[in-house]
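Chemist: Quick one, what's the 3D model for this:
(one chain, ligands or ions: 3)
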Amino acid sequence: MEWSNNRQETIERVVVSAEQMRQIEGRIFSAGMPVEALMEKVAGLLTARIVATYPLEKFSSVGVLVGPGHNGGDALVIARELHLQGYKVSIFCPFSKLKPLTGSHASYARSLSIPFYDRAHPLKNSQFLIDGLFGFGLTRELSGELAAEVEEINSWSQPIASIDLPSGIHTDTGAVLGTAVKATQTFCLGLWKRAFFQDAALSHCGRATLIDFGIPLADIRAILEPVPTIERVTNATMREHLPLPRPPVTHKYKQGHLLLICGSRRYCGGAILTGLGARASGVGMLSIAVPESLKLLLVSHLPEALIVGCPETKTGAIAEFPDVLDDLEQFSAIVCGPGLTLDARSRVREILNVNAPLILDADALNCLAQWGTTSTLAQRQGETILTPHLGEFKRLFPDFNYPLQDAIASAQNAAAQSGAIIVLKGARTAIAHPNGSVKIVPESTPALARGGSGDVLAGLIGGLVAQPTTDIAATVATAATWHARAGLLAAGERTELGVDAHTLGQFLTPALAEILAYPLL
Ligand SMILES: NC(=O)C1=CN([C@@H]2O[C@H](COP(=O)(O)OP(=O)(O)OC[C@H]3O[C@@H](n4cnc5c(N)ncnc54)[C@H](OP(=O)(O)O)[C@@H]3O)[C@@H](O)[C@H]2O)[C@@H](O)CC1
Ligand SMILES: Nc1ncnc2c1ncn2[C@@H]1O[C@H](COP(=O)(O)OP(=O)(O)O)[C@@H](O)[C@H]1O
Ligand SMILES: [K+]
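Modeler: Numbers count the residues shown, from 1 in each chain. Ligands and ions are numbered 1, 2, ... in the order given. Here you go, the predicted model:
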């Protein structure tokens, strides 16, 4: 990423580790900002959010979970402010040793006669809870009585707002350390932490909101230079990597020529869905190679595309490419895989020799896994993009430790090892470049967890990569985020059950219009 001079835009983009956050915080403190003042500022911002979300008229009693470090300190300042505003506050703090600043706030809270308990049970009837047990300083598993208390709290039914992170979640990997608070919402402080983009943490985070407490751009840049390794895709970054505006004088071949190689007699829908994803990208020319027997079906769904019928194997897979595909180098990108079956493996082999950017999905990934991912890709000259879900990832990279402890780091390692751009699909999709940089789709919806969503994505990625671009990884990340946004828009209108893959394809263009309408978010 290029550094922007816009602080707000930067804080929306960067994603930090606990160590980086500690270093950024360290710079702020050593430049003279008093720790006490920053805690007061942060907790003031949090109090305002909390009061707006849980107004006194409806939520008059609150239980506050207080840990030994500064996460607990934040919680105590909020507890004090809520008490002064008239909330009935109860505090659960099972620790005898607190950090000094946290200890001072605890003493003051006690002097105000706020009740403290070393068991959680007395907080059971509070109308909402604030979780300030641990933030990014958590180092060890929660165990013993504390773990049992957290589990009891999780069995209650009132909303829980976590400060910075749900307590018990590892800041970087998102792993549950022993046990963790299941938050209704989490207020992430200052900069996005990695955990919010790891599938392992998502069921604990609830709705996640960033609280900007004014970290100066210079401090972020000083620690993350030369460029941040991990960044969220925002509307602003998507705008930079969409092929828009189109030059007024252009023609279809200047807007990219994409070839899709997909489908078999057994799986014909995948070819249509990939085509619909590609169509929404606006690519200038779309060619689709399918087994001959699928040709008419494809024409009826995608009349604008050039459908190339190919000779078939006995099983109805693509057996060979016809003469019109003699020059595969004419294409500006190729997507290969959806619905092919392994019977088309010789075509996948052939396609690996082409220099155009190659997007391999589904059965093409299964072929690659059989041949050995890294050794097979080592011979490729052009750019390769692999789009595995976790199951395919495991087949492609069997030497990693499973279950994966850190999906973002695993995507990074896989990209470095294979030399390919890895799109590791999941609830949060990570796009890793062999140079180590990772882009993350910041939001999505489980409405997409159904067959065919991935085919639409493969087509959309292909369609954008085929168009003029200066940064393929950023273009791929733009496609993946656009796809997720279409899922969100469709789910908003049609419920989470109403987003079949065909519908998803139809929401791509309205989602793009929404992205373009709010360019700076
Ligand atoms: N970044 C910023 O700019 C700002 C940060 N702020 C806030 O500071 C928070 C970070 O504070 P923090 O560094 O004090 O760490 P925190 O998460 O409270 O926990 C550490 C404590 O927990 C303990 N402990 C660890 N594991 C444990 C276990 N399993 N079981 C039991 N104990 C365990 C550990 O003890 P130790 O490991 O030393 O024995 C230590 O005492 C951050 O999340 C945010 O809320 C804001 O106030 C201002 C702006
Ligand atoms: N729980 C979820 N939340 C958000 N997105 C999801 C979720 N589950 C799946 N997806 C998305 O849906 C798509 C599924 O792709 P894939 O597994 O290849 O499906 P298929 O092969 O059936 O098309 C991916 O883009 C993935 O990121
Ligand atoms: K917390």
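Chemist: Show me what the helix or strand where Gln412 lies is packed against.
Modeler: Assigned by DSSP states H and E, Gln412 belongs to helix 407-418. Contacts defined by 3 or more C-beta pairs under 8 Å, 6 or more residues apart in numbering; DSSP states H and E place helix 407-418 against helix 373-377, strand 384-386, helix 390-396, strand 421-424, strand 430-432, strand 438-440. Glycine gets a C-beta too; all of them are placed from N, C-alpha and C.
Chemist: and it, which residues are buried?
Modeler: Within helix 407-418, the residues scored as buried using 16 or more other C-beta atoms under 10 Å are Ala407, Ile408, Ala409, Ser410, Ala411, Gln412, Asn413, Ala414, Ala415, Gln417, Ser418.
Chemist: Looking at the residues you listed, which is nearest Asn355?
Modeler: Nearest to Asn355 among the buried residues of helix 407-418, counting by C-beta to C-beta, is Ser418 at 17.5 Å.
Chemist: Let me see the confidence value for that closest one.
Modeler: The model reports Ser418 with a pLDDT of 98.
Chemist: go on, Arg110?
Modeler: Arg110 is assigned a predicted lDDT (pLDDT) of 98.
Chemist: go on, the one 4 residues further on?
Modeler: According to the per-residue confidence, Ile114 scores 98 in pLDDT.
Chemist: now swap in Pro519 and tell me
Modeler: Note on Pro519: pLDDT of 64.
Chemist: do Pro226 as well
Modeler: Reported pLDDT for Pro226: 80.
Chemist: Is it located within a helix, as I assumed?
Modeler: No - the assignment for Pro226, made by DSSP: H, G, I helix; E, B strand; the rest coil, is coil rather than a helix.
Chemist: Quick check: the gap between it and Asn435.
Modeler: Noted for Pro226: a distance of 11 Å to Asn435, by C-beta to C-beta, to the nearest Å.
Chemist: mind checking how far the spatially closest residue to Glu149 that is not a sequence neighbour is from Ser90?
Modeler: Nearest non-adjacent residue to Glu149, counting by C-beta to C-beta, 6 or more residues apart in numbering: Ala120, 4.5 Å away. Here the distance between Ala120 and Ser90 works out to 10 Å (C-beta to C-beta).
Chemist: and the helix holding Gln412, how far from the chain's centre?
Modeler: 15 Å (C-alpha atoms, centre = their mean, to the nearest Å).
Chemist: which SSE is Arg22 in?
Modeler: Here Arg22 is assigned to helix 18-30, by DSSP H and E.
Chemist: Beyond that helix, next helix or strand please.
Modeler: In N-to-C order, the element after helix 18-30 by DSSP H and E is helix 35-53.
Chemist: buried residues in that following helix?
Modeler: Of the residues in helix 35-53, Leu38, Met39, Val42, Ala43, Leu46, Thr47, Ile50, Val51, Thr53 count as buried by neighbour count, 16+ other C-beta under 10 Å.
Chemist: dump the residue contacts of the closest residue to Leu84 other than its chain neighbours.
Modeler: Excluding the flanking residues, the one nearest Leu84 by C-beta to C-beta, 6+ apart is Leu112, at 7.9 Å. By C-beta atoms under 8 Å, 6 or more residues apart in numbering, the residues touching Leu112 are Arg80, His83, Leu84.
Chemist: of all those, which comes closest to ligand 3?
Modeler: The shortest approach to ligand 3 among the contacts of Leu112 belongs to Arg80, at 17.4 Å (C-beta to the ion).
Chemist: which element is the spatially closest residue to that closest one that is not a sequence neighbour on?
Modeler: Nearest in space to Arg80, with sequence neighbours left out and distances taken as C-beta to C-beta, 6+ apart, is Ala109 at 5.6 Å. Secondary-structure assignment from DSSP H and E places Ala109 in helix 100-111.
Chemist: Residues contacting that helix, please?
Modeler: 35-36, 39, 66-70, 72-73, 76-77, 79-80, 83, 91, 93, 98, 116.
Chemist: Out of the residues you listed, list just those in strands.
Modeler: If you go by DSSP state E, the contacts of helix 100-111 have Val66, Ile91, Phe116 in strands.
Chemist: Can the helix holding Gln412 be said to contact ligand 2?
Modeler: No - judged by C-beta under 6 Å from any ligand atom, helix 407-418 stays clear of ligand 2, getting no closer than 11.6 Å.
Chemist: One more: stretch 275-285?
Modeler: No - residues of stretch 275-285 are not located near ligand 2 by C-beta under 6 Å from any ligand atom, the shortest gap being 10.0 Å.
Chemist: gap between the two ends of that stretch?
Modeler: Start-to-end span of stretch 275-285 (C-alpha to C-alpha, to the nearest Å) is 12 Å.
Chemist: With stretch 421-440 instead?
Modeler: From its first residue to its last, stretch 421-440 covers 13 Å (C-alpha to C-alpha).
Chemist: and that stretch, how far out from the chain's middle?
Modeler: 9 Å.
Chemist: For that stretch, the averaged confidence score.
Modeler: 97.
Chemist: same deal with stretch 87-104?
Modeler: 98.
Chemist: Put the alpha carbons of that stretch into CSV.
Modeler: This file holds the C-alpha atoms of stretch 87-104, laid out as CSV (Å, rounded to 0.1, in the frame of the first residue of the first chain):
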residue,chain,number,x,y,z
TYR,A,87,-26.3,3.2,36.5
LYS,A,88,-26.3,0.5,39.2
VAL,A,89,-22.8,-0.8,38.7
SER,A,90,-21.4,-4.1,40.1
ILE,A,91,-17.8,-5.2,39.6
PHE,A,92,-16.4,-8.7,39.2
CYS,A,93,-12.6,-8.6,39.9
PRO,A,94,-11.1,-11.9,41.0
PHE,A,95,-7.5,-10.6,41.1
SER,A,96,-5.5,-9.6,44.2
LYS,A,97,-2.6,-8.1,42.3
LEU,A,98,-3.5,-5.3,39.9
LYS,A,99,-1.2,-3.0,37.8
PRO,A,100,-0.6,0.2,39.7
LEU,A,101,-2.8,2.5,37.6
THR,A,102,-5.6,-0.2,37.6
GLY,A,103,-5.2,-0.5,41.3
SER,A,104,-5.7,3.3,41.8
